[in-house]
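# Here is a sequence together with a model predicted from it:
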Amino acid sequence: ADAKKVSVTFETNDSGTPVRLVVKDDGSGMDLATVMTGWLEPGTVLKKQSDRSPGGRLYQGAKGVGRFAAARLGDALILETRKNGSGQVVTVLLEWGRFDDDSYLDDVDITYETTVSSQHAEGTTLTIEGLQNRKAWEEQDFQRLHDRLSRLISPFDEVKDFRIDLQIPGYPGLTGEVEPHDLTKK
């Protein structure tokens with residue numbers, strides 16, 4: 001919520017294959033209670049209690065489906081978050097292999113820890129590990145991602161409070177600050 005900058009970075013192995021995706025923002029971050037009762041709980045009404053973030057932005061998404069869609073991208077998801085004004089860092093590990101067709105979400109142990117650090121940046125970082133084991137990323141996939149991210153950027157000159165930096169090794173035309181989608185600029 002309320003991030004001014006988000007970086008989306010694909011990290012590759014020596015052969016150039018994407019193995020990790022890191023999404024990092026400078027938003028308001030979350031404390032342990034928010035992670036446990038909001039972020040990890042699908043179908044929560046947390047966003048329905050208010051339609052706007054503390055900074056006045058409309059909330060995006062609902063019901064928490066997006067975080068579970070990450071299971072299709074990689075083997076594991078690591079969440080690291082530090083709420084603004086707090087020194088507490090919450091780290092959560094979701095290993096998608098622990099989920100099977102016979103398990104309910106509350107049957108699966110989720111590894112998390114809290115630490116205190118003033119060195120960890122405020123905001124949230126999501127790291128998806130094991131990309132190469134789930135999907136072979138191709139140029140059209142990167143292009144589709146770039147196009148979808150461009151729709152999150154306002155085409156209006158007076159609205160410049162949100163930026164996305166996309167880093168895709170081997171694709172300089174798609175790398176850098178994401179601009180508004182061409183259609184919305186018109």
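Cool, got the structure.

# mind listing the helices in the protein by residue range?
Secondary structure of the chain, counting by DSSP state H: helices at 32-34, 65-69, 139-150, 182-185.

# now for those helices, which one comes closest to residue 15?
helix 139-150 (16.3 Å; C-beta to C-beta). Backbone N, C-alpha and C define where each C-beta goes, glycine included.

# about what we covered before: same list (the helices of the chain) but as TSV, adding mean neighbour count and distance to residue 132.
As requested, the helices of the chain are exported to TSV (neighbours: other C-beta atoms under 10 Å; distance: least, C-beta to C-beta, whole Å):
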stretch	mean neighbour count	distance to residue 132
helix 32-34	15	32
helix 65-69	12	18
helix 139-150	15	13
helix 182-185	11	31
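
# Would you pull up how far the helix or strand bottoming out on mean pLDDT in the chain lies from the middle of the chain?
Here the helix or strand of the chain ranked lowest by mean pLDDT, DSSP states H and E is helix 65-69, holding a mean of 74. Relative to the centre of its chain, helix 65-69 is centred 10 Å away, using C-alpha atoms, centre = their mean, to the nearest Å.

# Could you check how many residues crowd around residue 11?
Residues lying near residue 11 (other C-beta atoms under 10 Å) number 14.

# Next: residue 165.
For residue 165, the tally of surrounding residues (other C-beta under 10 Å) stands at 15.

# Kindly report the same for the one 10 residues further on.
For residue 175, the number of neighbouring residues by other C-beta under 10 Å comes to 17.

# now swap in residue 37 and tell me
11.

# Give me the pLDDT value at it.
pLDDT, residue 37: 82.

# repeat for residue 106
In this prediction, residue 106 carries a pLDDT score of 68.

# next one: residue 57
79.

# who are the neighbours in contact with the closest residue to it other than its chain neighbours?
Excluding the flanking residues, the one nearest residue 57 by C-beta to C-beta, 6 or more residues apart in numbering is residue 2, at 6.2 Å. By C-beta atoms under 8 Å, 6 or more residues apart in numbering, residue 2 lies in contact with 27, 28, 53, 54, 55, 57.

# Alright, calling it a day.
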